[in-house]
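>>> Sequence first, predicted coordinates after that:
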Amino acid sequence: MPHVELNGQNIFYEDTGGEGPPVVLAHGFLMDLSMFDPQVSALAPELRVIRFDARGFGRTQSDGKRFTYWDSAEDYIRLLDHLGVERAVVGGMSQGGFLGLRAALKWPDRVKGLVLISTQAGVDDAATLAGYRGMLETWRAQGPIDPIVHTIAGLILGAREHWEPWVSRWRKTQVESLVAPTLALIEREDLTARLSEIPHPAIVFHGDADTAISIERGRALASSLPGCKAFVEVKGAAHASNLTHPDQVNPPLLAFLREYA
């Protein structure tokens with residue numbers, strides 16, 4: 001699959017193609033498009049599944065320039081332009097949900113619905129923000145040492161059985177590629193007061209063992225979206241619930257997409 005120049009970035013993406021309704025999935029912070037492999041296998045027989053590596057992750061290299069999640073949401077829309085897709089269900093996991101919400105607010109006519117996994121409209125508390133800054137500074141000073149990558153793995157993936165290949169990938173990550181994405185994460189604004197502006201049909205998934213973003217924040221997101229059709233509590237899942245517990249995510253996701261995509 002190719003890279004494409006759009007919105008000033010060289011974005012790597014994958015597209016299953018086909019005649020099915022399109023859905024675009026964006027990954028979480030520190031992840032890449034492969035985190036949706038379990039969804040592609042389940043959805044591709046009926047839907048056109050498009051996914052991409054966000055700025056600074058996977059095969060989309062960071063150019064070192066500062067950006068906001070509004071810029072990244074525009075990457076979504078320009079990718080749709082490139083592929084000739086007028087409207088799609090959009091969303092993703094955590095950071096990917098931040099982009100989906102912004103796409104729905106700024107380009108509402110391009111969005112048919114929202115898939116929101118382990119995400120929130122709000123911002124992180126002071127302790128969490130300090131933790132992100134500390135992670136970046138430690139990574140810069142000492143490299144991706146075990147205490148960092150193991151903490152991240154536990155937070156995002158939960159049980160050790162889910163840690164690979166992600167821990168191995170993080171150990172190869174250059175810290176400079178993380179600076180701009182981390183600042184975008186830390187400096188994003190609170191969209192809670194604007195959720196009433198999003199009428200699109202939505203489905204919200206959240207792991208009951210998620211300590212990165214609490215399930216209470218997921219419930220609050222679902223209850224504040226006028227078009228939310230379902231809130232799915234993923235039993236036993238940490239942050240990347242779609243990756244670690246696809247058996248609980250895929251059936252309601254496919255049912256939602258059959259109706260609203």
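On my side now, so go ahead.
>>> where in this protein is pLDDT low?
1 (pLDDT under 70).
>>> mind listing the strands for the stretch 51-200 of the chain?
Listed in chain order, the strands of the stretch 51-200 of the chain (DSSP state E, counting those that start in this stretch) span residues 88-93, 111-117.
>>> burial measure for G227, as a count.
14 (other CB atoms under 10 Å). No exception for glycine: its C-beta is placed from N, CA and C like everyone else's.
>>> Would you mind giving both backbone torsions of it?
Note on G227: its backbone torsions stand at phi -100, psi 10 [degrees, to the nearest 10].
>>> need the contact list for it.
When contacts are counted by CB atoms under 8 Å, 6 or more residues apart in numbering, G227 is found next to G113, L114, I198, P199, H200, P201, A202.
>>> picking that back up, adding mean neighbour count and distance to R48, write the strands of the stretch 51-200 of the chain out as a markdown table.
Formatted as a markdown table, the strands of the stretch 51-200 of the chain follow (neighbours: other CB atoms under 10 Å; distance: least, CB to CB, whole Å):
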| stretch | mean neighbour count | distance to R48 |
| --- | --- | --- |
| strand 88-93 | 28 | 8 |
| strand 111-117 | 27 | 12 |
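>>> Quick one: the ones you listed as a markdown table, columns for distance to A73 too.
Rendered in a markdown table, the data for these read as follows (distance: least, CB to CB, whole Å):
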| stretch | distance to A73 |
| --- | --- |
| strand 88-93 | 9 |
| strand 111-117 | 10 |
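>>> what about those strands, which gets the closest to V167?
Counting by CB to CB, V167 lies closest to strand 88-93 out of these; the figure is 18.1 Å.
>>> strand partners of the closest one, parallel vs antiparallel please.
strand 22-26 (parallel), strand 111-117 (parallel) (DSSP bridges).
>>> Disregarding residues adjacent in the polypeptide, which is nearest to the residue most central in space within the chain?
Centroid check for the chain by CA atoms, centre = their mean gives G96 as the closest residue, at 2.2 Å. Spatial nearest neighbour of G96, excluding adjacent residues (CB to CB, 6 or more residues apart in numbering): A26 at 3.2 Å.
>>> Just tell me which of the strands of the stretch 51-200 of the chain ends up closest to D81.
Ranked by CB to CB, the member of these that lies closest to D81 is strand 88-93, at 11.4 Å.
>>> what distance separates the closest one from the middle of the whole chain?
Relative to the chain's own centre, strand 88-93 is displaced by 8 Å; criterion: CA atoms, centre = their mean, to the nearest Å.
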